[in-house]
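**Q** just to be clear, the model below is a prediction. Sequence and coordinates:
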Amino acid sequence: MPETAIERLGVNVIKALAMDAPHAARSGHQGTAMALALLAHVLWTRVMRYDAERPDWPDRDRFVLSAGHASILQYAMLYLTGHGLTLNDLKNFRQWGSPTPGHPEVGCTPGVEVTTGPLGQGLANAVGMAIAEAQMRSRFGAEICDHRVFVIAGDGDLSEGISHEAASVAGHLGLGRLVVVYDDNRITIDGPTSLALSDNAAKRFEAYGWHVNELGDVAEDFDALESALHDAAAVADKPSLLILRSVIAGDAPQSANTSAAHGYALFDEEIAATKKRLGLPEHESFAVPGEVLDFYRRAGVASQSLRVGWENRAAAYAGDRKVLEACLGGGGLPGWENALPSWQPGETLATRQASNAVLQALAPLVPGLTGGGADLTGNTGTTIKDSGVFTSEQPDGRQIYFGVREHAMGAIANGMALHGGAIPVVGTFLVFADYMRPAVRLAALSDAKVIFVWSHDSVGVGEDGPTHQPVEHLASLRAIPGLRVIRPADANETVGAWQVALHSAGPTALILSRQGLPVLQGTSAEAVAGGGYVLHEPDNPHLTLVATGSEVSLCCEAAEILASESVAARVVSLPSWELFARQPQSEQDRILRPDLPSLAVEAGVTLGWHRWCSDALGIDRFGASAPGATVMEKLGISAANVAAKAQSLLQH
């Protein structure tokens, strides 16, 4: 399709908007958006299938701006193609309450698929989207799912370690619907990329099993970009990397090819001079000629017939409609809760084992459940039996082996969740949540329905020592807004944690034990939804013992010791601070009894517990290598020490 005058004018308008919006905000990144204006034009007008009037169409192509600092490029395209943004929204770029924030945020701006900006995350999200697409296509057929995932990435994305992990996964799984354009503009904030980067990206990705095309200096060539994108989208058995040489802020007389252009570098005089070069009104900001807007608005609905055709095919789908709807809706089949297991008091099993029993029971009835572990699938209870393993040959499998790639695993799970069709479940040891934290934070920010399973939840891990014994991790995770952290006391509370995770939007963290825990009298799956409840209520109590996880049973033992010493101790299980905080204050007071002294008990740092209790018994140091029971005893996490600490609290 040869270049037309209206297309060239449209590209120049995109470049002008990329200058004007950051200049109005006195903040932002102009140069990359200017350099990639033609690429964006080709994607939105010649390549991608989408319907701007229905940006949530399930079979649309997905676009991920992994180089999220160039957000004005995406906003300009969403405005021009009619996704709902207005010119005033561009004028309010990076302002309070605007749908054009500094970096793209899913849920804030129609047409934005994932939240990007922390470099490398978007690329890994796209890998997850490609996994979800391949699985849906294999399970339900191309008439239901048949689209591509397009990504723009930069030097920063490829420099971050997560890109190595994610690219390795994508190549291993043969994700042929994934197309990444690497903007090799050779500029970083510090200066030329040669200061810190000498990788051969082409050879690196070829080694990962990708199809690689080094395009060279074609950033201003409509036909070359269109041809390369179509060719890459047609590669069925490998993800594709297109390496594009661009010139950052290439049309600017002073700022072109400078590190300053990575940020906000073009002001009034240079913007005017650049617009003159582009044949645009020099002193008019946010100028969008009517014929340009008409052209892009037509492009925005060019795939409407494809969308309508999909809707007709979906309505006539001859397969199991309930399964399809459950996958697309992120829920379960009717009656799924009836399949949940339960355990009798006196039984003993680790909560990671109980969690896996729940997962096995739910797999047939919650058909979107998909996932596994970071080389710890069996250890974390994230095995999904009898559902197949996801491979390039059998992409309908629901078990994914992520390998030792926690960082990418978390971000891939986010992409799967935000794509739709899958409820990802991913697991590793709690101590390695540190490797996942950037992705977990973005899951919460994105409201992505991911179930994070973190087992081996305390110094009870034992002999592996302090490198593998989490102490600060619960506090760290609880500090993330929007992340539900649930540490169940026993198997039955674990059932409740799963119910909360599946009934809720957004991410849930299940914090599970390695060691066996007794099933306690009175624990309740249903009560977990409230975050906390009274497990033991004696007459005329003197104080309250509050705990999570494995320490709840210790508090029950300590209550018996205290009873023998004529001290009546209440016991409260508080598996989730976040859920408990949603309760009315009157209910919180009924459960915690602020009129009584209270002692929190948890095998981790005590940070934050004084929000709920008078005092706290925990582990404000690193652990040690020894049998788990020994480490717990030596560090004061025992029923006897809980009782002693309670007595001390009563004496003050």
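**A** Okay, I see it.

**Q** where exactly do the strands run in the stretch 401-550 of the chain?
**A** Taking DSSP state E, counting those that start in this stretch to define them, one finds strands in the stretch 401-550 of the chain at 423-429, 451-455, 484-486, 508-511, 517-518, 533-536, 543-547.

**Q** quick one: low-confidence parts of the stretch 1-150 of the chain?
**A** 1-2 (pLDDT under 70).

**Q** actually, the stretch 551-652 of the chain.
**A** Ranges of the stretch 551-652 of the chain meeting pLDDT under 70: none found.

**Q** quick one, helices of it?
**A** Per DSSP state H, counting those that start in this stretch, the stretch 551-652 of the chain carries helices over the ranges 551-564, 577-581, 585-592, 628-634, 639-650.

**Q** out of these, which comes closest to N125?
**A** Among these, the nearest to N125 by C-beta to C-beta is helix 577-581 (24.1 Å). The C-beta positions use only the backbone N, C-alpha and C, and glycine is treated the same way.

**Q** re the thing from before, so which of the strands of the stretch 401-550 of the chain comes closest to N125?
**A** strand 423-429 (11.6 Å).

**Q** output the strands of the stretch 401-550 of the chain in CSV; the columns should cover distance to A639, mean pLDDT and mean neighbour count.
**A** Converted to CSV, these look like this (distance: least, C-beta to C-beta, whole Å; pLDDT from 0 to 100; neighbours: other C-beta atoms under 10 Å):
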stretch, distance to A639, mean pLDDT, mean neighbour count
strand 423-429, 26, 98, 28
strand 451-455, 23, 98, 27
strand 484-486, 24, 98, 25
strand 508-511, 21, 98, 28
strand 517-518, 12, 98, 24
strand 533-536, 14, 98, 21
strand 543-547, 10, 98, 27
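
**Q** now those strands in TSV, with distance to K322?
**A** As requested, the strands of the stretch 401-550 of the chain are arranged in TSV below (distance: least, C-beta to C-beta, whole Å):
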stretch	distance to K322
strand 423-429	16
strand 451-455	22
strand 484-486	27
strand 508-511	24
strand 517-518	36
strand 533-536	34
strand 543-547	41
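
**Q** out of the ones you listed, which is closest to T351?
**A** Closest among those, using C-beta to C-beta: strand 517-518, at 6.2 Å.

**Q** partners of that closest one, with directions?
**A** strand 348-349 (antiparallel) (DSSP bridges).

**Q** before we move on, back to that, okay, the helices of the stretch 551-652 of the chain, which one's buried deepest?
**A** When the helices of the stretch 551-652 of the chain are scored by mean count of other C-beta atoms under 10 Å, the highest mean neighbour count falls to helix 551-564 (a mean of 22).

**Q** residues in contact with that helix?
**A** Applying C-beta atoms under 8 Å, 6 or more residues apart in numbering, the external contacts of helix 551-564 come out as 489-490, 517-518, 520, 523, 535-536, 538, 545-547, 568-571, 573, 601-603, 637-640, 642-643, 646-647.

**Q** repeat that for 6 Å
**A** Residues from elsewhere that reach helix 551-564 (C-beta atoms under 6 Å, 6 or more residues apart in numbering): 489, 518, 536, 545, 547, 569, 571, 573, 601-603, 639, 642-643, 646.

**Q** can you show me the CA trace of it as CSV?
**A** The C-alpha coordinates for helix 551-564 follow below in CSV (Å, rounded to 0.1, in the frame of the first residue of the first chain):
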residue,chain,number,x,y,z
GLU,A,551,0.9,-19.6,64.8
VAL,A,552,-2.9,-19.9,65.3
SER,A,553,-2.5,-23.4,66.5
LEU,A,554,0.3,-22.2,68.9
CYS,A,555,-2.1,-19.7,70.3
CYS,A,556,-4.7,-22.4,70.9
GLU,A,557,-2.0,-24.4,72.8
ALA,A,558,-1.0,-21.2,74.7
ALA,A,559,-4.6,-20.6,75.7
GLU,A,560,-4.7,-24.0,77.3
ILE,A,561,-1.5,-23.3,79.2
LEU,A,562,-2.9,-20.0,80.3
ALA,A,563,-6.1,-21.6,81.4
SER,A,564,-4.1,-23.9,83.7
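
**Q** between it and helix 639-650, how big is the angle?
**A** Interaxial angle, helix 551-564 versus helix 639-650 (axes from the mean of the first three to the mean of the last three C-alpha atoms, to 10 degrees): 60 degrees.

**Q** hmm, back to that, which member of the contacts of helix 551-564 is positioned nearest E270?
**A** Nearest member of the contacts of helix 551-564 to E270, counting by C-beta to C-beta, is E602, at 57.7 Å.

**Q** picking that back up, T81 is nearest to which of the strands of the stretch 401-550 of the chain?
**A** Ranking the strands of the stretch 401-550 of the chain by proximity to T81 (C-beta to C-beta) places strand 423-429 first, at 29.9 Å.

**Q** about what we covered before: nearest to H23, of the contacts of helix 551-564?
**A** E602 (51.4 Å).

**Q** which residues are in contact with that closest one?
**A** 548, 551, 618.

**Q** want to try CSV for those, with distance to L474 as columns?
**A** Formatted as CSV, these follow (distance: C-beta to C-beta, whole Å):
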residue, distance to L474
T548, 8
E551, 11
G618, 10
